[in-house]
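1. Kindly generate the corresponding structure for this input.
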Amino acid sequence: MAKKKDEKTNVMRILDQKKVPYRPHFYEEGEGPEGTRDYGVHVAQALGQDPERAFKTLVARGASGGYYVFDIPAPDSLDLKKAAKAAGEKSVELLAVKDIAAVTGYIRGGCSPVGMKKPYPAIFHQTVLDFETVYVSAGKIGAQVEVEPRALLALLGAETADIAVRQG
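-> Purely as a prediction, here's the structure:
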């Protein structure tokens, strides 16, 4: 089912409220290729986006028990050692799929760094600053928002670091 262009998500409402300019993008919901690493690339390609500009949101729990949000380019994987170092933790472990909704308020495939149940420390891969605009989930499968990365980082109080590794 095609998305209506006037359909707003909570992420879009928050960006409107905080006066952060964005462009919504909608895509046909679907399974995409097998494997979670490839799903973000599939979404980027469905929207005609450069996968390097499409950032996927991953949530991890640190050894201290705190939660962290990591956003990395769609083709990449999170380097847990680099992520732990950037978060100031001894180690971090990705949340199990069954725990994502309880911690973030989002489902897998629709997790956005904007508008989680609670504000968690956010770290974006350093390449986010290489682009004029980047894409993140609009908080729902089938929707993304295109935003200026510095405005997004400022809104979230996020930092940048080398936290990803290229696969394949």
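2. Could you grab the helix/strand/coil label for the residue nearest in space to the middle of the chain?
-> Taking C-alpha atoms, centre = their mean, the centroid of the chain lies closest to residue 57, which sits 2.6 Å from it. Secondary structure state of residue 57, per DSSP: H, G, I helix; E, B strand; the rest coil, is strand.
3. pretty sure it is touching residue 136, no?
-> Yes: between residue 57 and residue 136 a contact is recorded at 6.6 Å, counting by C-beta atoms under 8 Å. Every C-beta, even on glycine, is put in place using the N, C-alpha and C of the backbone.
4. Need the overlap of contacts for those two.
-> 71, 112-113 (C-beta atoms under 8 Å, 6 or more residues apart in numbering).
5. On the pLDDT front, check the residue nearest to the centre of the chain for me.
-> Listed pLDDT for residue 57 reads 96.
6. Restrict stretch 140-155 to CA atoms and write it as CSV.
-> These are the backbone C-alpha positions of stretch 140-155, laid out as CSV (Å, rounded to 0.1, in the frame of the first residue of the first chain):
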residue,chain,number,x,y,z
LYS,A,140,7.7,3.9,10.9
ILE,A,141,8.4,1.3,8.3
GLY,A,142,7.7,2.9,5.0
ALA,A,143,8.9,6.4,5.9
GLN,A,144,12.2,8.3,6.2
VAL,A,145,13.1,11.9,6.8
GLU,A,146,15.9,13.8,5.0
VAL,A,147,17.6,16.2,7.4
GLU,A,148,20.7,18.4,7.6
PRO,A,149,23.1,16.4,9.9
ARG,A,150,24.3,19.2,12.1
ALA,A,151,20.6,20.2,12.9
LEU,A,152,19.9,16.5,13.7
LEU,A,153,23.0,16.2,15.9
ALA,A,154,22.1,19.4,17.7
LEU,A,155,18.5,18.3,18.3
